[in-house]
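> from the sequence below, what's the structure:
(3 chains)
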Amino acid sequence: MRRLPATFAEADATEVAPRLLNQLMRVDGRLARITEVEAYTADDPASHSFRGRTQRNAAMFGPPGHWYVYLIYGLHHCVNLVTGAEGDGQAVLIRAVELPGTPSARTVGPGRLTRELGIDRSWDGRLAELFDDGVAPPLMPIVTPRVGISQAVDWPRRWMVPPQASAGSQRNQ
DNA sequence: CAACAGATTCTCT
DNA sequence: GAGAATCTGTTGT
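Next comes the predicted model:
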């Protein structure tokens, strides 16, 4: 298992997103395998960065390779990996992970996995710890329409690992 | 300043 | 399938 280099996140979110699949993110010593992601760029009307920097999304305009964590609907946290170059306002939303010994019902869904891993706004702006375990075979990502938003819904920016390779990674399409 | 929509999830129907 | 929970940012009065 090797730590991913800092350059890993220094590319467009649409390139980094599929590469994140099957990689591991470490949170408080726990390793979670990323199984579903979604890319957000500043030209995306559904992106928090679309209308520029605010107090909430400041981390999204910060250096790549760090976390952007925000509170949605006043109760759920969502975690993103900042990508591109500092100031771009790009990020990849982590929508589902696999955690050994944990039911997928608790780790599938952006609001669920943050609760399970204990990720809250205190993680906003922190350096992300990402690893490649060198074990998982390369998989063909599945691209699906986006959910939970009302603009640019059909942009192909959501990726997940094939269902058979990851029980519990399948959800609304 | 009031109103509303939102990168969601849970509960009840 | 509808409604609630309730923070953040945008838009309209």
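> only C-alpha atoms for contact and neighbour calcs from this point on.
Noted.
> how about the helices in chain A?
For chain A, the helices defined by DSSP state H occupy A:13-20, A:110-117.
> what is the burial count for the residue of chain A found nearest DNA strand B?
Nearest residue of chain A to DNA strand B (CA to the nearest atom of the strand) works out as residue A:148 at 2.6 Å. Here the number of neighbours of residue A:148 (other CA atoms under 10 Å) works out to 7.
> and the pLDDT at it?
In this prediction, residue A:148 carries a pLDDT score of 84.
> if I look at it, how far off is residue A:125?
24 Å (CA to CA, to the nearest Å).
> quick one: strands adjacent to the worst-scoring helix or strand of chain A on mean pLDDT?
Scoring the helices and strands of chain A by mean pLDDT, DSSP states H and E places strand A:142-144 at the bottom, with a mean of 88. Counting by DSSP bridges, the strands paired with strand A:142-144 are strand A:158-160 (antiparallel).
> which residues sit against the strand it pairs with?
Strand A:158-160 is contacted from outside by A:17-18, A:21, A:35-39, A:141-146, A:169, using CA atoms under 8 Å, 6 or more residues apart in numbering.
> rerun that using 6 Å as the cut-off
Residues from elsewhere that reach strand A:158-160 (CA atoms under 6 Å, 6 or more residues apart in numbering): A:35-38, A:141-144.
> got the helices of chain A as CSV, with distance to DNA strand B columns?
Shown next, in CSV, are the helices of chain A (distance: least, CA to the nearest atom of the strand, whole Å):
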stretch, distance to DNA strand B
helix A:13-20, 11
helix A:110-117, 3
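> got the angle for the strand ranked longest in chain A vs helix A:110-117?
With secondary structure taken from DSSP state E, chain A has its longest strand at strand A:30-40. Inter-element angle recorded for strand A:30-40 and helix A:110-117: 160 degrees (by axes from the mean of the first three to the mean of the last three CA atoms, to 10 degrees).
> how about the residues of chain A by DNA strand C?
A:51-52, A:54-57, A:71-75 (CA under 7 Å from any atom of the strand).
> which neighbouring elements make contact with the longest strand of chain A?
Judged by 3 or more CA pairs under 6 Å, 6 or more residues apart in numbering; DSSP states H and E, strand A:30-40 is in contact with helix A:13-20, strand A:24-27, strand A:90-98, strand A:158-160.
> contacting residues for the most centrally placed residue in chain A?
What sits nearest the mean C-alpha location of chain A, by CA atoms, centre = their mean, is residue A:94, with 2.3 Å. Residue A:94 is in contact with A:37, A:80, counting by CA under 6 Å, 6+ apart.
> hmm, residue A:39 is touching residue A:89, no?
No: using CA atoms under 6 Å, residue A:39 makes no contact with residue A:89, being 11.3 Å away.
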